[in-house]
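>>> Provide a 3D model corresponding to the input given below.
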Amino acid sequence: MKIILRNIFVIFWRSNIVKDLIYFQHHLFPLPLLFFDWLFSNPLRAKLLAPYGMHVFMSSYENRLDNFLYWNSKESLYWHLYRQTDVNKNLISILQQNENFSAFLQDPNLEIVELGIGIGKTTRFLTDNHLLTYKHLIGTDTNEFVCNYLNENNLIKNASVYQLNAEQIIERELKMDLLMAHGGVFMYLSEEIVTKIFRYLYKVGCKALFITQEGMSGKDHKREDNTTMYDFRNRLRAVGYSEGFEFMEVKGDYSLDLFAMYPKK
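From the prediction side, this is the model:
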């Protein structure tokens, strides 16, 4: 019976008629963002409504004129909200197995900068599961609508979110104990900018990095889509992070699931 119901469910959502109806609905009467957020904030609802969320996303994405313009548009918020529960749950066990890094993340005096914060789904997951504690977090993103949505709805506690790109973090002389980037951020940056950021972090005394879902071990890897999986460990060592620091790399299927650098105890 379960298999029959699942097949009916799949056939229904894959129907071109259903797809066309959702496209029509979204273009004429898009759901308010806060209501859409509520629908997809619960893992069970998100799973049941995932095909609807995908159709809403694709209704605009497949007609985009430019990738950069789309990902910096208000419309892209629907993708962020639709995917908000899509977080690597293995982070819990990974962090629990590394006592030194876990202890560092629990420091209530931490000053954090998060690059490419999106709607902050990974940071919210970490704080909700008591894996991350901090004094203040500065989130940055190039999408002004994402920044406004986070600030207006106070989605991340003790946080301020600004529309800044990677180089503007340096220009604004932001200070931090920890730099975070979740879900693939550095992969879109040029080698020159990555080097510039790492040199700046070393200069201002940043103590740690916490990066997820990107990177390679041993050497950089340029991919066919023009993104780069950077070898973070060697790049950080090249700017001065060697003595007194530990590195953690957790390999995934196509890239690192997690990269961390933090002070030795």
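
>>> ok, and what's touching the helix or strand hosting M180?
Secondary-structure assignment from DSSP states H and E places M180 in strand 178-181. Here strand 178-181 makes contact (CB atoms under 8 Å, 6 or more residues apart in numbering) with 104-105, 110-116, 123, 134, 201, 206-212, 214. The C-beta positions use only the backbone N, C-alpha and C, and glycine is treated the same way.

>>> how about G215, nearest residue that isn't a chain neighbour?
Nearest residue to G215, sequence neighbours excluded (CB to CB, 6 or more residues apart in numbering): L256, at 4.1 Å.

>>> may I have the beta-bridge partners of the one you found?
K251 (DSSP bridges).

>>> that one touches F210, doesn't it?
No: counting by CB atoms under 8 Å, L256 stays clear of F210, with 11.8 Å between them.

>>> verify the stated contact: F104 with P263.
Yes: F104 is in contact with P263 according to CB under 8 Å; the separation is 7.0 Å.

>>> which residues do those two both contact?
207-208.

>>> identify each buried residue in stretch 197-205, please.
Residues 197-198, 200-201 are the ones in stretch 197-205 that count as buried (16 or more other CB atoms under 10 Å).

>>> of all those, which two lie farthest apart?
Greatest spacing in those, by CB to CB: F198 and Y200 (7.3 Å).

>>> what mean pLDDT does stretch 135-143 have?
The predicted model assigns stretch 135-143 a mean pLDDT of 96.

>>> quickly note the distance from Q168 to I197.
Separation of Q168 from I197 (CB to CB, to the nearest Å): 11 Å.

>>> what do you get for N98?
Between N98 and I197 the computed distance is 24 Å (CB to CB).

>>> looking at the contacts of strand 178-181, which are in helices?
Counting by DSSP state H, those place 104-105, 123, 201 in helices.

>>> in a markdown table, list these along with distance to N63.
Shown next, in a markdown table, are these (distance: CB to CB, whole Å):
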| residue | distance to N63 |
| --- | --- |
| F104 | 45 |
| L105 | 41 |
| T123 | 31 |
| L201 | 39 |
